[in-house]
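> Below is the sequence, then the predicted model.
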Amino acid sequence: MMFKLKVLKADLFKVLREKLGANLHGFIQDKVFPVPGDIACDGLGINSELKDDMCREVDIIVNSAGTTRFDERYDTAISINVLGAMHVLKFSKQCSKLKMLLHVSTAYVCGEKAGLILEKTLNYGETLNGGSRLDIDAEKKLVEETLKGLQDGNATEKETTVAMRVLGIERARLHGWPNTYSFTKAMGEMLLGHLKEDLRLIILRPTIILSTYKEPFPGWIEGLKTTDTFIAGYGKGKQNVLMGDRQSIMDEIPADMVVNSVIAAMVAHQDPSSHTVVYHISSSKRNQLKSGDIIQFFVDYFKKNPWIDESGKPVKVKKFHVLVSMDMLHKYITIHYMPSLKLDIKVGKLDTLPTYASPAHKLRKKINHAIRLAELYRPYTFFKGIFDDTNAEMLRMATKDSNADGTFNFDPTTIQWEKYFKETHIPGVVKYIF
């Protein structure tokens, strides 16, 4: 029921709805059999009778499930990104006809490496900072013990959430990763490689995913992604500061190109093999995009096409500032916000508004939000790595004959970045996220 109400009614399927009309339901029934489940559960939470049928029939498994929040609760991230991957692997091994398990990860399992980053597997237990060996079982145990300690101390749900988010960032940084997301996705990859035995494993690592380039139509997007946080903040007149380097490499790829690469990999790896292949679905090696380019694109766009707010007024955007350090950000806040904050606090003493509604409270929230964004996105706004895509290029070549019309294009050299951002991506962000 949820599949019909939420998925099929999404704007993403409007092309099929318009094309098939009343025949859509029958078409979907022939193509799709939704199965309720949960990868955080052993056995994927699928009832035993249905599971037996699936194990007899399924020949390809694509695991794209994951939590992508950079500072996710550590228990949640481990449950989905680490144990979830392991549960999918266990299920895969029970499928008698299985040709491959295709696992969608992230290119940023590399952490904050600079230079050319190769398409190679992660070694089980490796760390990125040369520290002591990463023990995944110990990480799971630490989560369980921390949760028990919080429960014994009668911590509130909010206190527990904060504690688990802090723990995730601490553990990630201890082992050389910048955030909980990239750390747990890396652990998920490690477990798959360690436990797969002779199973055919394909690891697909997209970079920062943007709106659709072409299919099913240009500009569709769901959820706020890394770059879009700044696009939305600037377009709405709420944010005109970024801590970063205009020369940093922003490796981005449209969503439909990621999907196309999944399809291409499924076609290309039909042969039985226990060899693991890694693909970077990326753009930095062949069609590089800098942080400064993107900033210029959205500044130009909103100057020419101001967003019309809820009251029907166009939002006039300000000059955009790129600050190269946290010290510069704090100085900027001191100069531009602190005088207003002090004045608002004085006025607030005479105000009858509740604290949460006062101008001072709102300004504090804005300052805290700017600092949090700067810390959270620093690994990407200063990134200097280039993702090697030799394997991905070989995949493009291998599927060239069967993709003569370009339907399954995932070649980043075909993207004209300025045209794509100004005519497709930013309008898509405005339509689906604002």
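Good, I have the coordinates.
> Give me the neighbour count for residue 96.
By the criterion of other C-beta atoms under 10 Å, residue 96 has 10 neighbours. The C-beta positions use only the backbone N, C-alpha and C, and glycine is treated the same way.
> Spatially nearest residue to residue 432, not counting backbone neighbours?
With C-beta to C-beta, 6 or more residues apart in numbering as the measure, residue 221 is the residue that lies nearest to residue 432, at 5.1 Å, once sequence neighbours are left out.
> What about the one you found, how many residues nearby?
Residue 221 is surrounded by 22 other residues when neighbours are defined as other C-beta under 10 Å.
> got any ranges where the chain has weak pLDDT?
Across the chain, the ranges flagged by pLDDT under 70 are 1, 340-358, 404.
> rerun at 80
For the chain, the stretches flagged by pLDDT under 80 are 1-2, 4-5, 338-362, 402-406.
> Can you check which helix is longest in it?
Of all segments of type helix in the chain, defined using DSSP state H, the longest is helix 359-381.
> Point out the other helices and strands that it packs with.
Packing contacts for helix 359-381, counted by 3 or more C-beta pairs under 8 Å, 6 or more residues apart in numbering; DSSP states H and E, involve helix 226-235, strand 241-243, helix 326-336, helix 338-348.
> partners of the next helix or strand along the chain from it in the sheet?
Scanning forward in sequence from helix 359-381, with DSSP states H and E defining helices and strands, the next element found is strand 385-387. Strand 385-387 pairs in its sheet with strand 115-117 (parallel), by DSSP bridges.
> Check the offset of the helix or strand following the partner strand from the chain's centre.
Per DSSP H and E, the first helix or strand lying C-terminal to strand 115-117 is helix 136-152. For helix 136-152, the separation from the chain centroid amounts to 26 Å (computed by C-alpha atoms, centre = their mean, to the nearest Å).
> Burial check on residue 252, number of neighbours?
Here the count is done by other C-beta under 10 Å, and residue 252 has 25 residues near it.
> Relative to residue 32, how far out is it?
To residue 32, residue 252 is 29 Å away according to C-beta to C-beta, to the nearest Å.
> shouldn't residue 427 be in contact with residue 219?
Yes - in terms of C-beta atoms under 8 Å, residue 427 counts as a neighbour of residue 219; the distance is 5.8 Å.
> These two: which is more packed in?
More crowded of residue 427 and residue 219, by other C-beta under 10 Å: residue 219, with 21 against 16.
> List the residues that contact the more buried one.
211, 212, 424, 425, 427, 428, 431, 432 (C-beta atoms under 8 Å, 6 or more residues apart in numbering).
> The third one contacts residue 213, correct?
So that's residue 424. Yes - at 7.0 Å, residue 424 and residue 213 qualify as touching, with contact defined as C-beta under 8 Å.
> Residue 102 sits in which helix or strand?
When elements are defined using DSSP H and E, residue 102 is found to belong to strand 100-104.
> Check which helices and strands that strand sits against.
When contacts are defined as 3+ C-beta pairs under 8 Å, 6+ apart, strand 100-104 packs onto strand 60-63, helix 83-93, helix 180-195, strand 201-206, helix 255-268.
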